[in-house]
Every structure is written in structure tokens, then in C-alpha cells.
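Colleague: Whatever this is, show me its structure:
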Amino acid sequence: MNQTAATTIGTTIFPQFFAPGNGPTDFIVQDFAVVMVVAAIMIAITYKLKQPMVIGYILAGILIGPYTPPFSLVRDASTINVLAELGIIMLLFVVGTEFPMAKLRSVGRVSFVVAVAETLGTLFLVFFIAQYLGFAFFDSLFLGLALSITSTVVTVRILEELGMIKDKSSILLLGITVVEDILAISILAILQSVAANGGQVEPLNLAISIGIVAAFIGGVLFLGSRLFPKIVDRAGRTNDYALLLIVILGLAFGLSFIANGIGLSVATGAFLAGVLVAESNSAAVARILTLPLRDMFAAIFFVSIGALMDIRVLPDYILPAAILILTSFGAKFLIVTGILTKAKYDSVTALRTGFGMSAAKGELSLVVVKGGQDVGAISSTILPLLGVVTIVTTFMAPYIIRFGSKIRVQSSTSSTDDDNNDDDDDDDRKPEEEKAG
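Modeller: Okay, the predicted model is just below:
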């Protein structure tokens, strides 16, 4: 049954929903209602099944999307794109509020080295594998970047559920993801700028793109950190939460608009706006005010991503998705554990951090692919492909991280025994040393 016939059936059965409305508002209200109601139902189901919420959101989007038979539950596909764009801005803004510049400077040299090495290493390895599998050049680049990013949201929630959030490996993992997120946003901006310039990967074009990104990020952080935190604090001192909320939202959407105007991703502007808010004395209050908005718009974003997936092409991409998942997992795990071992970290911490960094793909990976789609750089098959990757890795992440935690317990026990044996050896050596003395 084709989509036109299915929609006709839907119009016949549910005329009050599918008949032409009075104007654009009818489409927006209906589509927004459908998104939230179906998302609520799917979240209730995933909660009962003890699965991450992002899986429920994506499945909800697939159910209501225009590519899912027998007919679409949304009336205007452009509404879905608008909702996804709003979701990206709010999601990345709240992520940015977790990263004040003092925190960025404190992640340490090891976290920086690991993040840069595993991000770029995974990006290039996945790129070459995707090229071998027959993907186009920019499809391969955006896939490489998307699969090089660990889902901070999913990983942190799993660590909290396992009671491991304060472990040494978890703290190290969070430091690496801080650098990784910033690096991913910067690379996304560069890729979008190159794609917008006709896709010519020439040294001059690449240098210009990098210069634009560096100038925007550097200018916002250098000049903005001297101005915007004071504005936010002045709004905060009024004790008018409505005013404070409007000011920080104005900052988020304003920088997103400027970033979009110079050819960068709105995600870049939104993230930097969050960093500036984090520099203010009112950051804690601002974060509390925006958390409900983050949850709502994150739901809208993930549902919208699911709705934009053409599930009809999924059977053709199950095998490539499996190959790319294994490539990404292997690359990140080997690079992270290898560098940490060379940096004299114990094997428990290295393995635990390697499993945590390799497990889940999620919010930022989808932002990357959506960014590539927005500038027309990638084909329509990449989004559903990454949707499969996100669902599979998010589902597997709790089991992978839990497996890592079991290794930690066993290794720690062995280490304790070894330490005790070492202590016994020391005791045995002491009398001999005293006699020698």
C-alpha cells in the first residue's frame, strides 16, 4: 500500500484529524499533541521494561512518522523539522550549562589527549570502513563523526543507576566526554561549513572553515564571558524567575541564530550560550529553570528524529550498521585503554573507562547527522541508519558497562590479594634488612 492510498484511508476513517484544517496552526497543534501523547505512552512502556528513555522517544517517532504504514499521524513534515531544530537548541544549551570554563580547564591533560585521540582515531577508521562499504564521501565523514561520540546522557544515567558515578574511572570518563563533546561540535561546524561551500575539501577552504569556527568560538568565549554573565546575574538579582528565564533563552536562541547565519550549526551557538550562562553566579538557578524545558525539548528532538527516519530502507542497512557499530566500539575501546595504560593508570581503571566510552551513541550523534542533513551534505539513508545504531548501542550500553563493573570488582579483589601478598613479603624482608643493618 503506497503512502497516498494510506493517507486517503486515514482521511476516511478519521476525517476530523486528517481533513484539511483552517490554517497552519491546526497542523502545529495536532502534530505537537501527537508527538507528546505517543511519546508519553512509549516512555511508560520503556520505563516498565527498564530501558533508556531515548529508545522510547525514537520508537514513538517512528510510529507517528510519515514513512510508517498504514498512514502518517503527523500532517506536516516541516513541523517535525522545526520541532527537531528547537530540540537541538535547548538540548545543547542545557548541556553547555554543565561546562563552565573553569571545568573545561580542569579536565586535565590525560582527558584531553584521550578525547582527541579516540575521537579522531574513531572518526577516520569509521570513515574508511564506510568508504569501503560504498557510502559517499560526506556520508562517511558524518557517520565517522557521529560514531566517534559517546552519549554523555545515557552513560551518566547508567553509571548513576549502578552506583558507580563517583568511581575513579567514571570521573575520568566524564572529563573525556567534556572534551569530546566540544571537539565534536567544533568538527561538526567545520564539516557543515565545508559542505556549504560546495563540498570542495581544499586546503584553503578547510583553513577558512577552521578560521570561521575558531573565530566564532573564541570571540564568544572571550568577549561573551565578559558581558553576558553580568547580564544574567543582573536579571537574577531581581528574583524574577520569568525575567531570568527569558534572558537566558534570548541568549540561547540569539547565539544559535548568529551561528546559523554564518554557516555553522545552531548546536554550536546553543552550546556556547550554555557555557556563558554557566559562568554567571546565577548558573545554578538557570539550570533548574531550564531543566523542564530540556526534558520537553529533548523528547521533541528524539521523537522528531524517529519520525524523520525512513524505516523502509532499514533492511538494506542492518549489516552495515552492525559493521560500523563493531568498528566504533573496537576503535574507541582500544585507543582509550591503550592510552590510559601508557599513562600508568591501573588496568581496572583503563578497562572500565574503555567500556564506558565505547558503549552508547545518542543525543549528540543524532545532532551531527541532523546537521549534515540540514545542509544537504548527506543522503536520506544516513539518518535511519544512525537511528538503528543509536537504538542498538543504547540498548546494549547497560550490559556493557555492567560487564565492565564486574571486571572491576574481580580485578580489585585480585589486586587486594596481591597487595596483601606484597605486604607479607615486606614483613619477611624487614627482619633480614634489620639484620643486615
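Colleague: hey, let's count contacts and neighbours off CA atoms from now on
Modeller: OK.
Colleague: I figured residue 335 hits residue 117, correct?
Modeller: Yes: the criterion here is Cα atoms under 8 Å, and residue 335 meets it with residue 117 at 7.2 Å.
Colleague: for the stretch 51-200 of the chain, what spans make up the strands?
Modeller: Remark: no strands are assigned in the stretch 51-200 of the chain by DSSP state E, counting those that start in this stretch.
Colleague: any weak-confidence spans in it?
Modeller: 69-72, 76-77, 103-108, 153, 156-157, 160-162, 165-166, 197-200 (pLDDT under 70).
Colleague: Tell me where it has helices.
Modeller: Secondary structure of the stretch 51-200 of the chain by DSSP state H, counting those that start in this stretch: the helices cover 53-64, 77-97, 101-105, 108-132, 137-147, 152-161, 168-196.
Colleague: Now render these as JSON lines, adding mean neighbour count and distance to residue 403.
Modeller: Formatted as JSON lines, these follow (neighbours: other Cα atoms under 10 Å; distance: least, Cα to Cα, whole Å):
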{"stretch": "helix 53-64", "mean neighbour count": "25", "distance to residue 403": "21"}
{"stretch": "helix 77-97", "mean neighbour count": "23", "distance to residue 403": "28"}
{"stretch": "helix 101-105", "mean neighbour count": "13", "distance to residue 403": "30"}
{"stretch": "helix 108-132", "mean neighbour count": "20", "distance to residue 403": "21"}
{"stretch": "helix 137-147", "mean neighbour count": "25", "distance to residue 403": "21"}
{"stretch": "helix 152-161", "mean neighbour count": "18", "distance to residue 403": "12"}
{"stretch": "helix 168-196", "mean neighbour count": "22", "distance to residue 403": "14"}
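Colleague: Extract the residue ranges of the stretch 251-400 of the chain that are flagged as low pLDDT.
Modeller: Checking the stretch 251-400 of the chain against pLDDT under 70 turns up 263, 362.
Colleague: Now residue 270. Nearest residue, chain neighbours left out?
Modeller: Excluding the flanking residues, the one nearest residue 270 by Cα to Cα, 6 or more residues apart in numbering is residue 93, at 4.6 Å.
Colleague: With distance to residue 253 as added columns, please give the helices of the stretch 51-200 of the chain in CSV.
Modeller: CSV is the format used below for the helices of the stretch 51-200 of the chain (distance: least, Cα to Cα, whole Å):
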stretch, distance to residue 253
helix 53-64, 24
helix 77-97, 7
helix 101-105, 21
helix 108-132, 28
helix 137-147, 24
helix 152-161, 22
helix 168-196, 17
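Colleague: Would you tell me which of these gets closest to residue 382?
Modeller: Ranking the helices of the stretch 51-200 of the chain by proximity to residue 382 (Cα to Cα) places helix 137-147 first, at 6.9 Å.
Colleague: Now find how far off-centre that closest one is within its chain.
Modeller: 15 Å (Cα atoms, centre = their mean, to the nearest Å).
Colleague: ok, now stretch 398-407?
Modeller: Taking Cα atoms, centre = their mean, one finds the center of stretch 398-407 at 21 Å from the center of the full chain.
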